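[1] Kindly generate the corresponding structure for this input.
(chains A and B)
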Amino acid sequence: MITIIKNGHSTIAVFIVLVFGFVLFYNGTDGFQAFTAESARTYDINQNQPAFTNVTLEDSKERTYSFKEFAEGKYVFVTFMYTNCTTVCPQLEMNMAQVYEQVPDKYIGEDIVFLSISFDPERDDPATLSKYRSYFGSDGETWRMARVNDESELNTLLDNLGVIVIPDGEGDFTHNSAFYFIGKSGHLLEMMDYTLIDEAADKVNETLNSEEGV
Amino acid sequence: MKQAFYGLLLFIFLALPPVAAIMESVMIVHMHMQMTLLAVSGLLMARFFQIKFPGFFRKWNSNGVPGILLFVIIWSFWMIPRSMDEALTIQLVEIFKFISLPFLAGIALRDSWTKIGSFGQKIVFVFFIVMFSIMAWIYIGADSQICNNYLQVEQQTVGWGSLFFGVFLLIYVLQLIFIDHSQYE
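    Predicted structure coming up:
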């Protein structure tokens, strides 16, 4: 301590270094908010609310339609997965099922629909999706599982919503997971942490309830 | 001065686009090798700056505290998962990596290390042991990916690598404390 007091220049230098460090960390983490690129992406996407790309879906019942046709002025609760996934996806879909349970029946299918999109169209054909669907209590109508066959459409969609999918070369993917809550106009309302089930369900119910009051 | 020249050579080699691209393609090489070597190139080049501008270092870093703080801050910044990801996706961040690690962290470390004395050095060691342990804990334990540009397996490798560094440093510090080095001199 004494040496620091004795030496004015060092004190000033320490001060400058600390200020520099603060600015560096502040800028690098969006004000101590986002320490991973993933959280930065969430932050950015929630700010920008990108539109949901109007992809063509093929669901577990072999029906083909566009996202807009499916959504038709409803809220949509979306996740991205592939059925071969043994780690995050089952958890993701399980949590999605719990959100689905928590939404009052009167809204389901009327004001909100659920959609699990596979980013592995090669393997996730309707039959596979149909089997996978049954594990999570998805009815195939108000909660559908579908693949996007057009590669460029799929990539645009993933890109717009900040879904990163890296194939590991052995048929598996490293990917980020989240709940995507899409508004009636087809824009993203909120990207939510898929591990916080109750918070996500509350958010959805709140939005649906406030809609009813209007 | 010879070592400053070798430092410069090392720096230029690391900055060659194909070399950088290869090193950055593997996460653990990116974090524990490229970044470390960049700092090492700065350590070597520091000699040049110390000889050219002795007054600057004497005046502003007389007790070594500002320098070592700068080193610790820069190094910690690059251990944030996001910084590493953005070095790959944002050109400006990549340039900042190549400037900050050698010219801020490396030079600052060289000039400060002897000045802060053995007690200060032990504090720095402890800081690094703690930091590597935290990294090991985060990267090995995380069940979802932290970095968007690397596979989860790679992130776990980094975790184990960090653990190795941490344990290695711990053993080094323990022997500093418990072995009487004067007997060997």
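[2] only C-alpha atoms for contact and neighbour calcs from this point on.
    Fine.
[3] packing partners for the helix or strand harbouring residue B:156?
    Assigned by DSSP states H and E, residue B:156 belongs to helix B:152-178. Here helix B:152-178 touches helix B:27-28, helix B:117-141, going by 3 or more CA pairs under 8 Å, 6 or more residues apart in numbering or on different chains; DSSP states H and E.
[4] please redo it, this time with the cut-off set to 10 Å
    For helix B:152-178, the elements it packs on are strand A:173-175, helix B:27-28, helix B:117-141, judged by 3 or more CA pairs under 10 Å, 6 or more residues apart in numbering or on different chains; DSSP states H and E.
[5] Looking at those, spot the one closest to residue B:57.
    Proximity to residue B:57 (CA to CA) singles out helix B:117-141 among the helices and strands packed on helix B:152-178, at 16.4 Å.
[6] Check which helices and strands that closest one sits against.
    Short answer (3+ CA pairs under 10 Å, 6+ apart): helix B:117-141 packs on helix B:65-79, helix B:107-113, helix B:152-178.
[7] Burial-wise, tell me which of the ones you listed comes out on top.
    helix B:107-113 (a mean of 24; mean count of other CA atoms under 10 Å in any protein chain shown).
[8] Please save the CA atoms from that helix in CSV.
    Extracted in CSV, the C-alpha atoms of helix B:107-113 (Å, rounded to 0.1, in the frame of the first residue of the first chain):
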residue,chain,number,x,y,z
ILE,B,107,4.7,-6.9,-22.4
ALA,B,108,3.0,-5.9,-19.1
LEU,B,109,3.7,-9.3,-17.6
ARG,B,110,7.4,-9.2,-18.5
ASP,B,111,7.9,-5.8,-17.1
SER,B,112,5.9,-6.4,-13.9
TRP,B,113,6.9,-10.0,-12.9
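[9] Which neighbouring elements make contact with that helix?
    By 3+ CA pairs under 10 Å, 6+ apart, helix B:107-113 packs against helix B:35-52, helix B:54-60, helix B:65-79, helix B:117-141.
[10] Wait, residue A:132 touches residue A:94, no?
    No: the pair residue A:132 and residue A:94 fails to qualify as a contact (CA atoms under 10 Å) at a distance of 11.5 Å.
[11] Looking only at neighbour counts, state which of those two leads.
    Shown here are residue A:132 and residue A:94; by other CA atoms under 10 Å in any protein chain shown, residue A:132 has more neighbours (20 against 17).
[12] Now that one: which helix or strand?
    helix A:126-135.
[13] could I have that helix exported to CSV, CA atoms only?
    Only the C-alpha atoms of helix A:126-135 are listed here, as CSV (Å, rounded to 0.1, in the frame of the first residue of the first chain):
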residue,chain,number,x,y,z
PRO,A,126,-43.3,-38.5,-41.0
ALA,A,127,-43.3,-42.0,-39.6
THR,A,128,-40.3,-41.3,-37.4
LEU,A,129,-41.9,-38.0,-36.2
SER,A,130,-45.2,-39.8,-35.6
LYS,A,131,-43.4,-42.2,-33.3
TYR,A,132,-41.4,-39.5,-31.6
ARG,A,133,-44.6,-37.4,-31.1
SER,A,134,-46.3,-40.1,-29.1
TYR,A,135,-43.5,-40.1,-26.5
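[14] Going by proximity to chain B, name the top residue of chain A.
    Nearest residue of chain A to chain B (CA to the nearest CA) works out as residue A:36 at 4.1 Å.
[15] For that residue, grab the count of nearby residues.
    22.
[16] again with the one 10 residues further on
    Burial of residue A:46 is recorded as 16 neighbouring residues (other CA under 10 Å).
[17] Identify the residue nearest the geometric centre of chain B.
    Closest residue to the average C-alpha location of chain B: residue B:36 at 4.6 Å, with CA atoms, centre = their mean.
[18] is it true that it touches residue B:74?
    No: Residue B:36 sits out of contact with residue B:74 when judged by CA under 10 Å, with a separation of 12.0 Å.
[19] Report the residue spans of chain A with pLDDT below the cut-off.
    Within chain A, the stretches with pLDDT under 70 are A:1-7, A:212-214.
[20] can you give me the helices for it?
    Counting by DSSP state H, the segments of chain A that form helices are A:2-6, A:8-28, A:37-48, A:67-71, A:88-102, A:126-135, A:151-160, A:197-213.
[21] what's the closest non-adjacent residue to residue A:49?
    Closest residue to residue A:49 apart from its sequence neighbours, by CA to CA, 6 or more residues apart in numbering or on different chains: residue A:188 at 4.8 Å.
[22] and if you look at residue A:95?
    residue A:197 (6.2 Å).
[23] and residue B:43, how many neighbours?
    Neighbour tally, residue B:43, other CA under 10 Å: 24.
[24] you'd agree it is up against residue B:71?
    No: taking contacts as CA under 10 Å, residue B:43 lies outside contact range of residue B:71: 11.2 Å.
[25] returning to that earlier point: I'd like the helices and strands packed on helix B:107-113 as TSV, with mean pLDDT appended.
    Putting the helices and strands packed on helix B:107-113 into TSV (pLDDT from 0 to 100) gives the following:
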stretch	mean pLDDT
helix B:35-52	95
helix B:54-60	91
helix B:65-79	95
helix B:117-141	91
